[in-house]
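# no sequence on hand, only this structure:
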């Protein structure tokens, strides 16, 4: 749930006085509440004026999202980056909201998307719409949230899809336990390998998914995946991450090649096939219902998979992707109800 703290219009402030009570009410209901600012500004001076006023008034928790709603005026790339950086420095998750057409015509959205996640809005009409129409999805790099309607209910209410799990920021901890792996002892006949990484890593100030992964010879998407997160998830100094991305590969090679145990202790079986869903399903970065979501698959979606696993009450399949693997539930392991068809 997003609550508007207020608006800024090139020097004028319009605070929303219901913001505090909204946050309090919805947090009392156990909902994840985040903040956004309607931000019509140009230049760093106006960015400072806006954030000096609103950031001290944010009542959602540290780590939660503070979004800049940039959809009018004459924004510029430098001041938008500067404002997002200030939000991050204040301890919140910065995200840029807007309509793709407006943003690409006013700022260098491609460059900004390499630094910060996007929350893009696009919908065909203003009819009441309860489910996203991905035919209107504003394809772009690093889209974390897709707003698919402004009339989720009659009278008006925005409807959004969290594509990465970013709305957990500020509210949930990493609940996946640290898994201690056995020490690898390569034989004398093996080629010299890079020094194995430690089993865990403690995040330091200034770290990013990329820097940690690069330091340990890993892919940043794989690092995020084995920790049940996405690269859009906020990192905090003192946070413990599992590393050792090569555990699954090593274990698979030691087995028959058709069955192996991954770093989380789940048994996987090699199988190539195509799954077609008959309902809405979450495609995730990890084979856990708590793992961050990559996308919401609509009925009729097809997933080409190369392995399957039965654990946690579900049957999962693994989808090879350019940046790692995606995972989706395809069957209830208890009732044996399938969520689609296989071939």
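Cool, the structure landed. Here the structure is a predicted model, which is why all the values come from computation and not from measurement. Numbering: from 1, shown residues only.
# every contact and neighbour count from this point should use C-alpha atoms.
Fine.
# nearest spatial neighbour of the most centrally placed residue in the chain, skipping sequence neighbours?
The residue lying closest to the centre of the chain (C-alpha atoms, centre = their mean) is residue 164, at 2.4 Å. Among residues not flanking residue 164 along the chain, residue 293 sits closest, at 4.5 Å (C-alpha to C-alpha, 6 or more residues apart in numbering).
# wait, what's in contact with the one you found?
162-165, 230, 282-285 (C-alpha atoms under 8 Å, 6 or more residues apart in numbering).
# for it, give me the pLDDT.
pLDDT, residue 293: 75.
# go on, residue 188?
Predicted confidence (pLDDT) for residue 188: 45.
# so where does residue 119 fall, helix or strand?
Taking DSSP states H and E as the definition, residue 119 sits inside strand 118-121.
# adjacent strands (with direction) for that strand?
strand 93-99 (parallel), strand 143-149 (parallel) (DSSP bridges).
# name the residues that touch that strand?
95-100, 138, 142-149.
# now do stretch 67-82
Contacts for stretch 67-82 (C-alpha under 8 Å, 6+ apart): 35-44, 47, 84, 93-99, 102-103, 106-109, 112.
# present the strands paired with strand 118-121 as TSV; the columns should include mean neighbour count, mean pLDDT and distance to residue 70.
Formatted as TSV, the strands paired with strand 118-121 follow (neighbours: other C-alpha atoms under 10 Å; pLDDT from 0 to 100; distance: least, C-alpha to C-alpha, whole Å):
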stretch	mean neighbour count	mean pLDDT	distance to residue 70
strand 93-99	24	94	5
strand 143-149	24	86	14
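# for residue 240, find the nearest of the ones you listed.
When the strands paired with strand 118-121 are compared by C-alpha to C-alpha, strand 93-99 sits nearest residue 240, at 18.7 Å.
# starting at the chain centroid, how far to the next helix or strand after the closest one?
Downstream of strand 93-99, the first helix or strand assigned by DSSP H and E is helix 100-104. Relative to its parent chain, helix 100-104 has a centroid offset of 22 Å by C-alpha atoms, centre = their mean, to the nearest Å.
# mind listing what's buried in the following helix or strand past helix 100-104?
Sequence order places helix 109-113 as the next helix or strand after helix 100-104, per DSSP H and E. For helix 109-113, the neighbour count (16 or more other C-alpha atoms under 10 Å) marks 109, 112-113 as buried.
# and for stretch 123-139?
Here stretch 123-139 shows 123, 128-129, 132, 137-138 as buried, counting by 16+ other C-alpha under 10 Å.
# out of those residues, which one sits closest to residue 9?
The closest of the buried residues of stretch 123-139, once distances to residue 9 are taken by C-alpha to C-alpha, is residue 123, at 25.4 Å.
# element containing that closest one?
With DSSP H and E as the test, residue 123 turns up in no helix or strand.
# from what I can see it touches residue 148, true?
Yes: between residue 123 and residue 148 there is a contact under C-alpha atoms under 8 Å: 5.3 Å.
# need the overlap of contacts for those two.
With C-alpha under 8 Å, 6+ apart, residue 123 and residue 148 have common neighbours residue 133.
# distance to residue 236 added to the strands paired with strand 118-121, as TSV?
What follows is the strands paired with strand 118-121, written out as TSV (distance: least, C-alpha to C-alpha, whole Å):
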stretch	distance to residue 236
strand 93-99	11
strand 143-149	19
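# nearest to residue 272 among those strands would be which one?
Closest to residue 272 of the strands paired with strand 118-121 is strand 143-149 (C-alpha to C-alpha; 29.4 Å).
# packing partners of the very next helix or strand once past the closest one?
Next helix or strand after strand 143-149 toward the C-terminus (DSSP H and E): strand 159-162. Packing contacts for strand 159-162, counted by 3 or more C-alpha pairs under 8 Å, 6 or more residues apart in numbering; DSSP states H and E, involve strand 143-149, strand 293-297.
# same thing but 6 Å
Helices and strands touching strand 159-162, by 3 or more C-alpha pairs under 6 Å, 6 or more residues apart in numbering; DSSP states H and E, are strand 143-149.
# the strand it packs on vs strand 293-297, what angle?
30 degrees (axes from the mean of the first three to the mean of the last three C-alpha atoms, to 10 degrees).
# can you offset everything so residue one is 57?
Sure, I'll start numbering at 57, so the last one becomes strand 199-205.
# how far off centre is strand 199-205?
12 Å.
# stretch 92-105 now?
What separates the centre of stretch 92-105 from the centre of its chain is 26 Å, taken as C-alpha atoms, centre = their mean.
# buried residues, that stretch. List them.
92-100, 102-105.
# just the closest of those residues to residue 214, please.
Once C-alpha to C-alpha is applied, the member of these that ends up nearest residue 214 is residue 92, at 13.1 Å.
# about what we covered before: mind checking which of the contacts of residue 349 are in strands?
Among these, the members found in strands (DSSP state E) are 218, 338-340.
# quick check: next helix or strand after the least confident helix or strand in the chain by mean pLDDT?
Within the chain, no helix or strand scores below helix 303-310, which has a mean of 42 by mean pLDDT, DSSP states H and E. The element immediately downstream of helix 303-310 (helix or strand, assigned by DSSP H and E) is strand 315-317.
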